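model this:
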Amino acid sequence: MNFPLAPITQRRAYRWQQGLILLVAAGFAACSFAGNTSVAQDAAQAMPAKHNPSHSNTVKANESAEQAANALKPVVYQIFTRLYGNKNQTNKPWGTISENGVGKFNDIDDIALNSIKELGVTHVWYTGVPHHALIGDYSAIGVSSDDPDVVKGRAGSPYAVKDYYNVNPDLAVDPAKRLQEFQALIKRTHQQGLKVIIDIVPNHVARHYHSVSKPEGVRDFGVDDNQTLEYAKHNNFYYVIENHQSQKHQPQNHQAHGFQVPDLPENLKPLGGEHHPLSDGQFKEFPAKWTGNGSRLAKPDINDWYETVKINYGVRPDGTQDFPSLPPSYAKLGAEQHYAFWQQRTSELPNSWIKFNQIAQYWLALGVDGFRYDMAEMVPVEFWSYLNSQIKHTHPKAFILAEVYNPALYRDYIQLGKMDYLYDKVDLYDTLKAVMAGKKSTANIAADQAKVEDIESHMLHFLENHDEQRIGNAAFLGSLNANTPVNTEAVDPHYALPAMVVSATIGTSPTLVYFGQEVGEAASQDLGFGRASRSSIFDYAGVPAHQRWMNEGKFDGGQSTAQEKSLRAYYQKLFNLSTGRTAPALLGQYYSLDAANRSSTEPATGYDDSTFAFVRFEANTADKSSQKLIIVSNFSQTDAKPLSLKLPRQLIAQWQLTDAAYPLKDLLEDHSAQLVIKQGEGQVQIQLAPLSSAIFELKY
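The predicted structure is shown next:
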């Protein structure tokens, strides 16, 4: 466990309305608002549980042992829900929902979920579930139409949420019963023994946010804002307001500016230039709000997130904070101590904090098991301390994953913000990509892992997600070649297998796989707003390699190529090992073999810039028979590597092995080898083919 809490076997009773009473306590009446706030009166406060507050983020043997005893190492399978079940293969650029089709919640049936579970998956991240802005007519169920001038693509970005209290109507067979259909999917997922994760996008919402499904007592974002001010603590948005004072002692003049649609190139014109009654190059918003990425321009740039508006968390325009500071000592305290801290300061919380707690508790009450937070580093860490401690108080085992790209902030967001997991993108992902392209030495892998030694269990590993280029597309590596036109043709994705082995086995943290990755999807088509090399998150589309595996709903690979089947079989074997179910050493300690085999002062071992090796072993035991794994990979696409892999005396002593020959069993591929120990030093002779890896288990 990442944050030890009191043993709780059932979820505590909690009504999402609990947060409503805090709106009054937060000094709501002290500010000027456009309307009155409706507050639920029945809002009893849950009391914090008593438990041991001690928590260490240092990777320790007892933490790994507890993890091995109580849980599998998570494997998260990201489904882009709109694309996953779509059987339509038209893929017309800018195609409509009737032309290109769309996947539904009901397409993810027991057969689909069983195929996912067989991969070794423990958690399913359903991306694009909350109702976001899109181009479609759902007026029959009371949903307003969205203006194409502030919608990216035709199907819309899942990160421009329009209604946090319902789901995307495109995903339902009966849009009027869309929430019930999602609840049925949650139930099916749980019945397969899998956990459910959805997105929360805290930094921004759709420019036209309006919830038609909000529970009684909940107020929409912005409806109570004082729009004459650029900033006010309890405003949910920032406004493009200039403050002028023409003469001394005269009152201040607030000059507001209306929103203007950015200038777009022809290839990104709304709906590809197709006529639409709302597409006129204008969107009425006065005063204009700050754009989601923080742009303060009334007319954002094309590269700004112009379809969204930024949420105000009590950070003034000059960057100073308008909320209590969290003492640094709280980095060493558990979630319940953080919960108690904020319970004592409810009157000082900005309104937006309360609104997002209501949202999180609403989805948890519906059965969701956790969240992936979009662009979490754009929101102050104190807010995360508040929100995550609220979540952990009511749902101690909730899975919390955050998108954070600044390594300097990792420890703050883990220790103070109480995140369970962060993306390991800027270091490990970027390094593995560069190693695959021959741009970096594998020595950088060991260096990256050393950087996060104290927090490695919190660093989620991946090679693909919806933001990144597909491995099976030539652009994935081609983008690293400066001054070279990027080729977006399909390539054999097997070249990434050594990187996947390292990514999935080097740490105790979760592994993420993006649907279609396991069958080598190449995303080689331009589909409208979405461009080749990434599966579009903006357009109605099908995913060809995944559709072949899906085989009209049989999910048996009946249309897959031999290459796609072999790739999936490899992923399945690797991920099932990585959970620790059959390889408990992967929940234990890590020891790098890189430096010992790269040393220029020792005899040559054959180890070079395209090979990488480390060991994993069960922790906190004096039992020689506890599992010990030697993991070695050859990243070269062309050269076989004969290796004389060395295991240092220090490691052999720690393993309590005497001079002898010990057989090794490869759990991943079919390599044969033995560990020979002479004078306390170990050596493994092995021939690794190009793009080959071994996970050797030491046999006694």
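
just wondering, since we're on the closest residue in space to H204 that isn't next to it in sequence, how far is it from T320?
Closest residue to H204 apart from its sequence neighbours, by Cβ to Cβ, 6 or more residues apart in numbering: G292 at 3.2 Å. In this view, the C-beta of every residue, glycine as well, is placed from N, C-alpha and C. Plainly put, G292 is 21 Å away from T320 if you go by Cβ to Cβ, to the nearest Å.

pLDDT below threshold where in the stretch 551-700 of the chain?
Counting by pLDDT under 70, the stretch 551-700 of the chain shows low-confidence ranges at 600-603, 620-624.

do the same with the stretch 151-300 of the chain
In the stretch 151-300 of the chain, residues with pLDDT under 70: 244-253.

Q78 looks like it's in a strand, true?
Yes. Assessed by DSSP: H, G, I helix; E, B strand; the rest coil, Q78 belongs to a strand.

higher neighbour count, G292 and T320?
G292 (25 against 8; other Cβ atoms under 10 Å).

these two touch, right, that one and P300?
No. If you go by Cβ atoms under 8 Å, G292 and P300 don't touch, sitting 9.1 Å apart.

give me the number of residues near the residue nearest to L477 when sequence neighbours are not counted?
What sits nearest to L477 in space, not counting adjacent residues and going by Cβ to Cβ, 6+ apart, is A437, at 4.3 Å. By other Cβ under 10 Å, 16 other residues sit near A437.

residues contacting the residue nearest to H204?
Residues in contact with G292, defined by Cβ atoms under 8 Å, 6 or more residues apart in numbering, are 203-204, 304-305, 307-310.

Could you report the separation of it from D280?
For G292, the distance to D280 - Cβ to Cβ - is 22 Å.

next one: T127
31 Å.

next one: Y159
For Y159, the distance to D280 equals 25 Å [Cβ to Cβ].

I'd guessed the residue nearest to L477 sits against N481; true?
Yes. At 7.5 Å, A437 and N481 qualify as touching, with contact defined as Cβ under 8 Å.

Identify the residue spatially nearest to the spatially most central residue of the chain, adjacent ones excluded.
Nearest to the centroid of the C-alpha atoms of the chain, with distances taken as Cα atoms, centre = their mean, sits R372, at 5.0 Å. Once flanking residues are discounted, R372 sits nearest to L401: 4.6 Å by Cβ to Cβ, 6+ apart.

All the strands of the stretch 551-700 of the chain, residue numbers only.
Here the stretch 551-700 of the chain has its strands, by DSSP state E, counting those that start in this stretch, at 589-592, 611-617, 628-634, 641-647, 660-666, 672-678, 681-688, 693-698.

Ok, the stretch 251-400 of the chain next?
253-256, 308-310, 370-373, 399-402.

What of the stretch 401-550 of the chain?
421-423, 459-462, 511-514.

Can you convert those into TSV and add a column each for mean pLDDT, mean neighbour count and distance to A569?
TSV is the format used below for the strands of the stretch 401-550 of the chain (pLDDT from 0 to 100; neighbours: other Cβ atoms under 10 Å; distance: least, Cβ to Cβ, whole Å):
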stretch	mean pLDDT	mean neighbour count	distance to A569
strand 421-423	98	25	27
strand 459-462	98	24	20
strand 511-514	98	25	14
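
Thank you kindly, that will do.
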